[in-house]
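Asks: next input, structure requested:
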Amino acid sequence: MKYIYPLLALCMLLQNCSQLGKPTQENPAAVFYTMNDFDSVEKIDAHVHLNTSAPHFVQQAAADHFKLVTINLDDVNEPPPMEEQQKFALQQIKAAPGRVAYATSFSIRHFNDTGWLRQNISYMQNSFAQGAAAVKIYKVIGMALRDKKGKLVMIDDARFDPLIDFIEQNNKTVVGHLGEPKNCWLPVDFMTIKGDKSYYTANPVYHMYRHPEYPSYEAQIAARDNMLRKHPNLRFVGAHLGSLEWSVDELAKRLDEFPNMAVDMAARIGHLQYQASKNWQKVHDFIMKYQDRLIYATDMVADASANATELKARVHDTWLSDWKFFATDSTMTVHDFDGSFKCLQLPREVIDKIYRKNAEKWFPGAFSKG
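Replies: This is a model prediction of the structure:
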């Protein structure tokens with residue numbers, strides 16, 4: 001009998017310890033955030049496009065406790081040019097120090113000229129001196145850029161190696177948008193997301209299912225993977241869930257193979273929601289397992305044509321809807337697909353990583369003190 005009471009006491013202590021931090025009726029917020037917490041938690045949207053000097057987007061970010069990474073890119077079909085995008089980024093940083101950071105880019109213009117490499121290294125060097133935290137590599141590589149013989153050039157082409165080495169040597173991150181959603185290579189009726197269906201129906205020139213002469217989806221992903229194998233020490237953030245938005249299983253394979261790879265969620269949260277509607281547990285478990293490699297982002301754009309009131313409302317509503325999906329146990333619907341689904345209700349520590357800590361880790365020094 002003399003051992004029973006100490007044993008009971010030990011069991012009660014262990015039980016009490018196991019309950020620490022768990023939500024209860026008296027303390028439901030011990031582990032999970034609520035919608036009410038959105039207004040106070042510090043957050044980062046790590047992939048936006050501030051193609052204007054107007055302050056409205058950044059004002060809404062301050063109101064909603066967001067910092068921003070604005071992404072420059074080079075594509076003659078998507079103005080403004082990257083040099084002008086950089087001017088906007090620097091203007092926004094000057095106006096809101098500590099609130100905005102930026103990723104520069106390099107140009108594919110004059111790719112076939114002898115001075116191309118030197119010019120782009122000089123441009124990136126100048127960008128780094130002005131505070132650029134990362135370099136964007138855009139989908140035009142693999143989908144539009146051609147060599148002197150007219151052949152499409154992929155990102156694992158050896159001509160890009162000196163540029164990528166230079167980025168790595170300067171301790172900068174590559175943000176890689178390589179390839180497109182898998183839906184781009186599917187017939188419209190087989191696409192999973194309504195936005196993809198409407199976009200590729202309206203823009204058949206970009207619908208790769210209609211253009212078998214271009215590299216396949218699998219070839220795009222393989223080229224990206226080959227580039228990462230050639231540069232194992234490169235810090236790499238795969239934009240748009242690494243163009244593996246359709247399968248958390250496929251994305252997990254890459255995160256396992258490439259320890260210096262993370263992904264942002266820009267414009268692909270709907271794909272996570274779609275998968276959650278089919279298998280909630282799989283998506284939840286994936287995020288829990290790879291919580292250190294996932295970065296919140298939206299891909300929202302502000303340009304000179306934006307109406308201030310409408311822009312602020314759209315930005316706020318997008319951020320609030322995403323917070324509901326990740327932080328609560330509500331049931332919700334979205335415009336991307338039919339039907340309702342259960343939200344993920346991730347623990348506070350996971351939310352903090354996805355919404356802030358991971359961006360700080362993968363974009364070191366991006367935000368000045370202030």
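Asks: please name the nearest non-neighbouring residue to the residue nearest to the spatial centre of the chain.
Replies: In the chain, the centroid-proximal residue (C-alpha atoms, centre = their mean) is Asp264; its distance is 2.0 Å. Nearest non-adjacent residue to Asp264, counting by C-beta to C-beta, 6 or more residues apart in numbering: Ala297, 3.9 Å away. Using the backbone N, CA and C atoms, a C-beta is placed for each residue, glycine as well.
Asks: gap between the one you found and Tyr274?
Replies: Distance, Ala297 to Tyr274, using C-beta to C-beta, to the nearest Å: 18 Å.
Asks: more neighbours: which of those two?
Replies: Neighbours were counted for Ala297 and for Tyr274 using other C-beta atoms under 10 Å; Ala297 has more, 29 against 20.
Asks: for the stretch 1-150 of the chain, which segments count as helices?
Replies: Taking DSSP state H, counting those that start in this stretch, the helices of the stretch 1-150 of the chain run over residues 4-19, 56-63, 82-95, 116-129, 140-143.
Asks: hang on, Tyr199 in a strand?
Replies: No. Counting by DSSP: H, G, I helix; E, B strand; the rest coil, one finds Tyr199 to be helix, located in no strand.
Asks: and it, what does it touch?
Replies: Tyr206 (C-beta atoms under 8 Å, 6 or more residues apart in numbering).
Asks: could you give the bridge partners of Ile44?
Replies: Ile44 has these beta-bridge partners by DSSP bridges: Lys67.
Asks: distance check, it against Asn307.
Replies: With C-beta to C-beta as the criterion, Ile44 and Asn307 are 25 Å apart.
Asks: tell me which of these two has more neighbours.
Replies: Shown here are Ile44 and Asn307; by other C-beta under 10 Å, Ile44 has more neighbours (25 against 10).
Asks: alpha carbons only: can I get the longest helix along the chain in CSV?
Replies: In the chain, with assignment by DSSP state H, the single longest helix is helix 308-327. Taking Å, rounded to 0.1, in the frame of the first residue of the first chain, the C-alpha atoms of helix 308-327 are listed here in CSV:
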residue,chain,number,x,y,z
ALA,A,308,-7.9,52.2,-53.3
THR,A,309,-11.1,51.2,-51.5
GLU,A,310,-11.7,48.1,-53.7
LEU,A,311,-8.1,47.0,-53.3
LYS,A,312,-8.1,47.3,-49.6
ALA,A,313,-11.3,45.3,-49.3
ARG,A,314,-10.0,42.6,-51.6
VAL,A,315,-6.7,42.3,-49.8
HIS,A,316,-8.4,42.2,-46.3
ASP,A,317,-11.0,39.7,-47.4
THR,A,318,-8.4,37.4,-48.9
TRP,A,319,-6.2,37.4,-45.8
LEU,A,320,-9.2,36.9,-43.6
SER,A,321,-10.6,34.0,-45.6
ASP,A,322,-7.2,32.2,-45.6
TRP,A,323,-6.8,32.8,-41.8
LYS,A,324,-10.2,31.1,-41.3
PHE,A,325,-9.0,28.1,-43.3
PHE,A,326,-5.7,27.6,-41.5
ALA,A,327,-6.6,28.7,-38.0
